[in-house]
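>>> mind folding the following:
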Amino acid sequence: MQKHSTTTRIRISWPAGHLTATLDDTATTQALAKALPLASVARTWGEEVYFDTGVSVSRETTAQQVVEPGTVAFWTDGDALALPYGPTPISRGDECRLASPCNVVGRLDGDARALATVRDGDPIRLELIED
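The predicted model follows:
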C-alpha cells in the first residue's frame with residue numbers, strides 16, 4: 001500500500017515569469033492551499049516579493065525572521081506570502097531579513113533570483129500544481 005504524499009506544490013506566476021515551490025505540511029500551508037487559486041498584486045521590498053493572500057493564520061512557534069534566499073514564508077502580520085531572494089532594507093549584510101518573524105512554509109524550486117523580474121504592482125497568481 002502506498003503512503004499518500006502530503007507534499008503541496010504551487011506555481012507562482014507573474015508577467016515576466018514563474019516559479020514553483022514545494023511546501024511543507026503545516027497548518028499555514030493547509031489554510032493557504034484551501035484559498036488557491038488566487039490572484040493578487042505583487043509588492044517589492046528590497047530583494048523580497050510579497051503579496052496579500054486574504055488568508056489569516058496565527059504566527060507559529062517556529063516562525064523565523066532571518067531565512068535563506070528562496071524560502072517561502074507567510075507574513076502573519078500582513079496575511080501575505082513573502083518570497084525573499086536577497087537582502088531587504090533591514091538586512092544586516094547579505095542575509096534575508098523579513099519585516100517580522102514569519103511562518104516558514106517551504107522552498108522555491110529552482111533559482112529564487114528569477115523573482116528579480118517581478119515589478120511592484122505586477123499581477124501575481126498562485127495556484128496548486130495537481131499531481
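>>> the most centrally placed residue in the chain: what's it in contact with?
When the chain is reduced to its mean C-alpha position, the closest residue under Cα atoms, centre = their mean turns out to be Val72, at 3.5 Å. Residues touching Val72, when contacts are defined by Cβ atoms under 8 Å, 6 or more residues apart in numbering, comprise Ala21, Leu23, Leu81, Leu83, Val104, Val105, Gly106, Arg107, Leu108. (Glycine included, C-beta is placed from N, CA and C.)
>>> and for His18?
When the contact criterion is Cβ under 8 Å, 6+ apart, the partners of His18 are Arg11, Ile12.
>>> next secondary structure element downstream of the strand or helix carrying it?
With elements delineated by DSSP states H and E, His18 resides in strand 17-23, which encompasses its position. If you walk from strand 17-23 toward the C-terminus, the next helix or strand you reach (DSSP H and E) is helix 27-34.
>>> quick one: mean pLDDT for that following helix?
Per-residue confidence for helix 27-34 averages out to 96 on the pLDDT scale.
>>> circling back: from the contacts of Val72, which is closest to Ser40?
Set against Ser40, the nearest of these by Cβ to Cβ is Leu81 (8.4 Å).
>>> look up how far Ala21 lies from the residue lying closest to that closest one once chain neighbours are set aside.
Nearest residue to Leu81, sequence neighbours excluded (Cβ to Cβ, 6 or more residues apart in numbering): Thr53, at 5.6 Å. When distances are taken as Cβ to Cβ, to the nearest Å, Thr53 and Ala21 turn out to be 14 Å apart.
>>> who has more neighbours, those two?
Neighbours around Thr53 and Ala21, counted as other Cβ atoms under 10 Å, are more numerous at Ala21. The numbers are 23 against 20.
>>> so what's the more buried one up against?
When contacts are counted by Cβ under 8 Å, 6+ apart, Ala21 is found next to Arg9, Ile10, Ile12, Val72, Gly106, Arg107, Leu108, Asp109.
>>> tell me the secondary structure for the residue nearest to Lys34 when sequence neighbours are not counted?
Nearest residue to Lys34, sequence neighbours excluded (Cβ to Cβ, 6+ apart): Val55, at 8.0 Å. Remark: Val55 carries the secondary structure label coil [criterion: DSSP: H, G, I helix; E, B strand; the rest coil].
>>> perfect, that will be all.
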